[in-house]
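**Student:** Compute the structure for the input listed below.
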Amino acid sequence: MVAPSYLHISLIAAFWLPMQQVVSFQPTLSSFRSRVTRGHHPSTSTSSTIISELSESKTSTDAPTTKRPRRRSSNKKKRPVQQELKNPNEVVTWRVYGIDVDPDNLADGSSATETSAKANEESIPLEKQYLTEPVLRALLSRLRIKTTDDVTFALPEELKDARVVRRSIDARRRRGAGPKYTYVVDVDITREKARDLRFVHQSGRLELVDDAKKNRSVSAGDEAESDSKPKVVICGAGPAGLFCALSLATAGFKPILLERGQPVEARGKSIGALIHRRSIDPESNFSFGEGGAGTWSDGKLTTRIGRNSGPVRFVLETLVKYGAPARILVEGSPHLGTDNLVRLLRNMREDLRALGGEIHFGCRASQFHIENGRVTSVSTESVEEDTSAPTSIQQPDAVVLATGHSARDVYEELHKSGVPLEAKGFAVGFRIEHPQRIINEIQYGQDWGGRALTKRMSTDNVNMQHFAKYEAAGDIEHTGTLPVASYRLATNEAYDGETNRGAYSFCMCPGGQIVPSSTKDGELCINGMSFSNRDSVWANSAMVVTVSADDPILDQYRSTHGTLAGLEFQRDMERKACKLGGGNFTVPVQRLTDFVKEQVSTSVPSSSYRLGVKSAPCHEIYPKQLYTALVHAITEHFDKQMPGFLCDEALIHAVETRTSSPLRVPRDPNTLQAGGVDNLFPAGEGVY
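**Tutor:** A predicted model of the protein is given here:
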């Protein structure tokens, strides 16, 4: 299952997929249309649109762009012309990409990850923590600024300042080279010095930062008039619902937030009962509760709408404000971890209430009453005794629907109420788990894999023992360290016997574990998660294949369930997995090598899944077309991209069915409201 990512920022993903859909709070209508045209998720503007429509707040305008004049070709040799600068001493910012640093060069204790805690105590700006001497030297070399051996952290006179804005790991071993840390650095420099150093704008390599964009702030909207407080009901306290409520409350509204699950403290007890006693609470579990499915699913922050853009930066800074580690502002693959999310969500909840917002936990929106194209009331059901929870909310000015992809009863209620729904493509498959040491070797190689360390002695010993045989046989003396390795695999050529399908890995959890994400007895689905240290001995990822909205494999479900065919297909696969496992949330498993051969494993390796596994014919769960496509993807694509991926120690776990919802609520592209319902705003993953 996909954890709705906080940015999965995939805003998703793995971990909190809906967050990538709630990252911009006050765009202009023209900029919103522009993002839709470019394929960005239109739910990013839900709260802004509500504010705009209910309080007529002002909007900003996009900065104008200028076209670069064409160069005229000439055979005559021209003298170089020194361009006259109007403001030669004006300081501007250039962004430098691709600053590569060997991990061994960071092994002297100056690594940002090693000194982060100390630096925080000394109030050293985060961007300075990462600007270590090796990074500075690599930057100056890239800019062709001469240095001497005695230069340490001092900036040369050519630069006014420098800041690391992003760091990532490049594990590609090109031309025999090992993995590298890759940095993106902003440098402040006068226009005159930039000209002297021949700075030329090159997209993705060296870019002049747009001052208007750099300084543009992102706000939740203008404050509402005190004598006019529209009633906004938000259903669902996942990333989309929480950020919507927070932005509305900051703007002066008094949102009413309904969450069927429990706050993180009580939700942790519900999850403990499932893990230790196999007792599931259908309203409070790995999928339902404060923070959404992502709370107990890793906390990856993934986005495809501009990693360093203002709206994304706003979301990241908001998360840091409420307790996320500051490193997410710089790391190329930021990760919160379930342990950090509990504290963060508690702080966000307290602030939201202090701003005047209402939050009702254990309170499910059970019915939407629609008259004359408007939601006139929302009926609720309280799971527990809560005298403050409303049984019905009358005449809401707006209803935000952010219930996530697992709230299947909400889809059914919307369908019954006459709200238009449409089928959309989704993906299903399995969780695949490898020992982390195998992924480290595939990604980093025999020479560097042993340096993927977690600071957990038992885990690091397992990893180093695996690589000791290589170190003894060769001359390997690395001192730098690397994060545990991850991967991303995808192909559009997974042949199912008749046509090609898409197949891909999803929500990859290095140093993680597999957890149950079922919401009721008799249906079994699973997900992956990692704590912030990512220090388990396993690595897992979803491995899924696409199902289109009009897919022939849905025909038998479509004939009886119509638009809801995809939902019933997911349920059917989960029932099959439950039956194969023998019930009681035991997961059916199969060695990957046996899976591709269609044979049951006679023995299976250990698994991170704590409720027990059982060897079973997992290859029989899905329709033959999906199985064939997945096997083709693994054998003909993924194992070639990552030699050694297909191995005896890799274990298939069934099933991963909730990577995304098979339905959406169509929205008007201008008002963002549900088609035919003037005050209903679908938002986040699962309903749009």
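**Student:** Give me the neighbour count for His201.
**Tutor:** Other residues lying near His201 total 10 when counted by other CB atoms under 10 Å. For every residue, glycine as well, the C-beta is placed using N, CA and C.
**Student:** Distance of it relative to Val92?
**Tutor:** For His201, the distance to Val92 equals 11 Å [CB to CB, to the nearest Å].
**Student:** who touches both of these two?
**Tutor:** Listed contacts common to His201 and Val92 are Leu208; contacts here mean CB atoms under 8 Å, 6 or more residues apart in numbering.
**Student:** So what would you say the end-to-end distance of stretch 281-290 is?
**Tutor:** Using CA to CA, to the nearest Å, the end-to-end distance of stretch 281-290 comes to 14 Å.
**Student:** what do you get for stretch 548-561?
**Tutor:** For stretch 548-561, the first-to-last residue distance is 16 Å (CA to CA).
**Student:** buried ones in it?
**Tutor:** With burial defined by 16 or more other CB atoms under 10 Å, the residues of stretch 548-561 counted as buried are Ala549, Asp551, Ile553, Leu554, Tyr557, Arg558, His561.
**Student:** Wait, a helix at the fifth one?
**Tutor:** By that I understand Tyr557. Yes. Assignment of Tyr557 by DSSP: H, G, I helix; E, B strand; the rest coil places it within a helix.
**Student:** now it, nearest residue through space, not along the chain?
**Tutor:** Once flanking residues are discounted, Tyr557 sits nearest to Ala565: 3.9 Å by CB to CB, 6 or more residues apart in numbering.
**Student:** what residues are up against that neighbour?
**Tutor:** With CB under 8 Å, 6+ apart as the criterion, the residues that contact Ala565 are Ala423, Leu554, Tyr557, Arg558, Pro662.
**Student:** which one among those gets closest to Leu248?
**Tutor:** Nearest to Leu248 out of these is Pro662 (CB to CB; 29.6 Å).
**Student:** dump the residue contacts of the closest one.
**Tutor:** Contacts of Pro662 were listed using CB under 8 Å, 6+ apart, and they are Ala423, Lys424, Gly425, Phe426, Val547, Ala549, Ala565, Gly566, Leu567, Phe569, Gln570.
**Student:** Quick one: those residues as a markdown table, columns for distance to Val135, secondary structure and pLDDT too.
**Tutor:** A markdown table is the format used below for these (distance: CB to CB, whole Å; DSSP: H, G, I helix; E, B strand; the rest coil; pLDDT from 0 to 100):
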| residue | distance to Val135 | secondary structure | pLDDT |
| --- | --- | --- | --- |
| Ala423 | 49 | strand | 95 |
| Lys424 | 44 | coil | 94 |
| Gly425 | 42 | coil | 95 |
| Phe426 | 42 | strand | 96 |
| Val547 | 45 | strand | 98 |
| Ala549 | 47 | coil | 96 |
| Ala565 | 53 | helix | 97 |
| Gly566 | 48 | helix | 96 |
| Leu567 | 50 | helix | 96 |
| Phe569 | 50 | helix | 98 |
| Gln570 | 47 | helix | 97 |
